[in-house]
Every structure is written in C-alpha cells, then in structure tokens.
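Participant: Quick check, what structure comes out for this input:
(one chain, ligands or ions: 1)
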Amino acid sequence: MTNHSAQNQKPFAEKMTDILNYSALNLAMAIGYRTGLFDVMDTFDTPQTMQVIADRAGLNRRYIKEWLGVMVTGQIVEISRDEGGQNRYYLPKHHGDLVARRAGNSNLGVYTQEIPLLTACAMEAVIEGFSTGEGVSYDRYPQFQAFMSQLADAKHRQVLVDRFLPAVDGGRLIADLRAGIRVCDLGCGTGFVLTLMAGAFPDSRFVGIDMSREAIETARREASRQQLTNLEFVAADAATLKKNSELKASFDYVTAFDAIHDQTRPLAALEGVHHILVPGGRFSMVDIAARTNLEDNLDHPMGPFLYTVSLMHCLPVGLADGGSGLGMMWGQEKAVEMLKAAGFAKVQVLEIPEDPFNLHFLCFK
Ligand SMILES: C[S@@+](CC[C@H](N)C(=O)[O-])C[C@H]1O[C@@H](n2cnc3c(N)ncnc32)[C@H](O)[C@@H]1O
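Facilitator: Coordinates of the predicted model:
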C-alpha cells in the first residue's frame with residue numbers, strides 16, 4: 001500500500017473544499033502580486049485602513065475591498081478593528097518575506113501568476129489537445145517571456161554570480177570566467193542570466209540563443225541599455241546547432257536554464273550543445289528536480305503544481321510540429337539517459353542549495 005492510502009488522507013469532501021478555496025486564493029494572490037498590492041502592504045509596519053492602502057497603491061477602493069475579503073478569509077492578511085471602529089489590515093512581515101517582490105529567490109508570490117497566466121493563454125487549446133493529440137505553439141503564450149523574465153530575476157539575481165557559478169566544478173569555472181572564456185546560454189529567453197554574467201565577467205564573451213525573435217529583441221535592447229559589449233544574441237532553433245559547422249567547438253561553457261524539456265527536439269538540442277563545446281568543455285543544464293517514474297514523485301512537495309504547469313505549457317509546446325513532448329516532469333533518470341545519448345560520458349547530478357525546484361546536471365565533453 002502507498003503512503004497515499006485512504007487512512008492518511010483527509011476525508012475527500014474536506015479536501016475538495018480546500019482545493020476550491022486554495023485555487024481561488026492563488027488567483028486572487030496573483031492579482032495582488034501583479035498589481036503591487038502585496039508590495040504596498042509590505043511597506044506598512046502597522047495595520048492600515050482600506051482607504052490608506054488604496055491611496056498608497058493608487059488603485060480602486062471597491063476592488064481592493066473584495067480582494068481583501070479573499071486575503072483575510074484566506075489568512076494571508078490579518079484584520080483588526082481600531083478604536084474608531086474602523087477595520088484595519090496588515091500583511092505580516094513573514095508573509096511579505098515570501099510574496100513581496102523584495103523576497104528575491106524566496107519569492108513564491110511570483111509563482112502565483114503561473115497557473116492563471118497559462119490558463120488565460122491555453123486552456124481551450126489544451127482541452128482540444130486531449131482530443132487531437134496536437135501540440136500548442138509558443139505563439140499562443142504571448143505573455144510568457146515577460147513572466148519568465150520575472151521568474152529569472154527572482155531566481156537568479158541574488159544567487160547566480162555569488163553562489164551558483166562559484167560552486168561549479170570546485171571553483172574552476174569561476175576562475176576561467178574571470179580569466180576569459182566563451183559562454184553560450186541556450187534557450188536564453190530575454191537574456192536575464194546572460195546580462196548578469198556578462199556584467200560580472202567582462203573578460204569573457206557571451207552568446208545567447210533562443211528561437212523566439214521577440215525574446216531576442218528584448219534581450220538585445222536590455223544589453224544595449226546596460227552598455228554590455230561582450231554579449232550578443234542570436235535567434236535560432238537549438239535543434240539546428242549540430243549541423244552548424246561554424247559553431248563547432250566554439251564555446252568553453254554552455255548553460256541551459258529550464259530550456260531543454262519543452263523543446264520539440266530535445267535530443268537534437270543536446271547533441272547541438274555537445275557539438276558547439278570544445279573538448280573538455282562544460283555544460284550546466286539546470287532543469288526541474290523530479291523523478292522519471294510517477295510513483296517516485298508521490299512525495300514531491302510541488303507535484304500537482306509542476307505537473308499542471310507541464311500540462312498547460314511544457315508538454316503542449318513540446319508536442320508542437322510533431323515534437324517529442326517530453327513534459328517538464330521528464331525526471332532526472334530520463335535527463336541523464338538523454339545527456340549520455342547526446343555524447344556526454346560524464347554527467348554529475350547535483351542539488352542546488354538555494355533552488356530546491358531544480359537540479360544541476362553538470363556535464364563534461
Ligand atoms: C522556460 S523558458 C526559459 C528561459 C530562460 N532560460 C529562463 O530561465 O528564464 C524556455 C526558453 O526556451 C526557448 N526555446 C524553446 N524551444 C527552443 C528551441 N528549439 N531552440 C531555442 N530556444 C528554444 C523558449 O523560447 C524560451 O525562451
């Protein structure tokens with residue numbers, strides 16, 4: 001019997017009530033995050049009236065009243081009554097630590113936007129996919145790149161240069177980055193990771209590759225705004241790299257953050273990484289921490305959330321154009337198998353202390 005046996009579960013009716021309440025709460029929290037209401041409430045050290053909150057946020061009081069109804073009954077915001085008989089509202093600091101933008105890489109508030117966003121983009125197309133088996137193209141998710149930039153900012157700004165890179169290969173990578181090497185970030189999106197690295201390591205040269213022209217344009221604009229000259233962006237399909245003779249053995253280090261599992265031809269992309277690396281080069285693939293067999297994910301703390309993100313985005317975009325449709329929960333066993341099939345004989349699977357959502361697959365050519 002599994003640990004999900006009936007006696008370990010809440011009565012199902014009670015669980016259903018929780019599901020309805022928490023999914024509604026997630027939606028209202030996404031609105032609180034997006035409108036900046038959490039950030040505004042987080043600035044107050046004492047409970048405030050609705051009017052003060054509305055004035056500070058510059059938002060409509062009547063909408064805020066309804067929103068506070070959700071936040072108070074959902075126990076995100078505390079309510080009290082002042083001596084004049086008016087209600088006052090307070091976002092406890094330890095809640096702000098996780099849902100305000102200042103939360104950095106502890107920011108869980110940013111993730112509340114994910115399911116509502118994917119629902120708005122693709123609910124109908126995904127339901128259709130259940131009948132047709134067809135994928136859904138990336139174009140159907142117009143706000144996705146902007147959301148990924150916010151996630152990348154939350155995940156990487158405080159840790160990439162100071163903690164993640166110094167830990168790679170016993171500190172040897174960061175020494176190389178300081179001395180000057182050629183680096184490629186595959187599936188770079190709007191380039192957040194690369195602009196951080198290019199700013200920190202002026203003697204290295206960086207190339208970002210992504211198939212989204214729109215994301216590449218945004219990345220170029222940001223690099224030029226930051227006056228970074230050691231950085232360029234190229235719009236290309238990762239699956240075509242292995243046929244590009246000019247790029248053969250032209251990078252010392254390649255990274256792919258959350259960018260392999262939703263490709264339509266992921267094995268070709270990994271073979272491409274192998275092709276563009278110099279012998280002895282390193283590849284950091286940072287991808288979701290999960291197991292390949294569903295039974296091994298029963299205790300995953302974010303199982304339903306991550307499988308839903310995969311169902312609504314990673315799987316359908318990976319199925320587009322007859323793609324292989326790995327899905328985000330492809331799991332570490334399948335990932336290692338594919339990295340080996342792509343030519344990487346040496347693959348280390350490492351935990352990332354500051355990012356329990358992901359694993360670091362460090363590969364050597
Ligand atoms: C989930 S996003 C991650 C973006 C970025 N690395 C980050 O961590 O914020 C995946 C990215 O892979 C890109 N992508 C998907 N398939 C691709 C392909 N075949 N070739 C190049 N890029 C691809 C998408 O356009 C998207 O920007």
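
Participant: rest of the way, CA atoms for contacts and neighbours
Facilitator: Will do.

Participant: what residues does this structure put near the ligand?
Facilitator: Residues of the chain that fall close to the ligand, judged by C-alpha under 6 Å from any ligand atom: 148-149, 152, 187-189, 210-212, 236-239, 257-259, 263.

Participant: Tell me which of those fall in strands.
Facilitator: D210, F257 (DSSP state E).

Participant: Just the ones of the residues of the chain next to the ligand in helices?
Facilitator: M148, S149, A152 (DSSP state H).

Participant: The stretch 251-365 of the chain: helices as residue ranges?
Facilitator: 266-276, 303-309, 315-319, 331-341 (DSSP state H, counting those that start in this stretch).

Participant: most tightly surrounded among these?
Facilitator: helix 315-319 (a mean of 27; mean count of other C-alpha atoms under 10 Å).

Participant: Alpha carbons only: can I get that one in PDB?
Facilitator: Output of helix 315-319 as PDB, limited to C-alpha atoms (Å, rounded to 0.1, in the frame of the first residue of the first chain):
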ATOM      1  CA  LEU A 315       4.000  19.400 -22.700                       C
ATOM      2  CA  PRO A 316       1.900  21.100 -25.400                       C
ATOM      3  CA  VAL A 317       4.700  23.300 -26.700                       C
ATOM      4  CA  GLY A 318       7.000  20.300 -26.800                       C
ATOM      5  CA  LEU A 319       4.300  18.400 -28.900                       C
END
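
Participant: returning to that earlier point: what's the closest of the ones in helices among the residues of the chain next to the ligand to F130?
Facilitator: M148 (25.9 Å; C-alpha to C-alpha).

Participant: Nearest spatial neighbour of that closest one, chain-adjacent residues omitted?
Facilitator: G189 (7.6 Å; C-alpha to C-alpha, 6 or more residues apart in numbering).

Participant: Just list the residues touching that neighbour, thanks.
Facilitator: Q145, M148, S149, I209, D210, S212, A215, I216, A219 (C-alpha atoms under 8 Å, 6 or more residues apart in numbering).

Participant: again, 10 Å this time
Facilitator: For G189, the contacting residues are 144-146, 148-149, 152, 208-219, 233, 257, 259, by C-alpha atoms under 10 Å, 6 or more residues apart in numbering.

Participant: again, but for S250
Facilitator: By C-alpha under 10 Å, 6+ apart, S250 lies in contact with R182, V183, C184, H275, I276, L277, V278, P279, G281.

Participant: and if we set it to 8 Å?
Facilitator: Contacts of S250 (C-alpha under 8 Å, 6+ apart): R182, I276, L277, V278.

Participant: Good, we can wrap up now.
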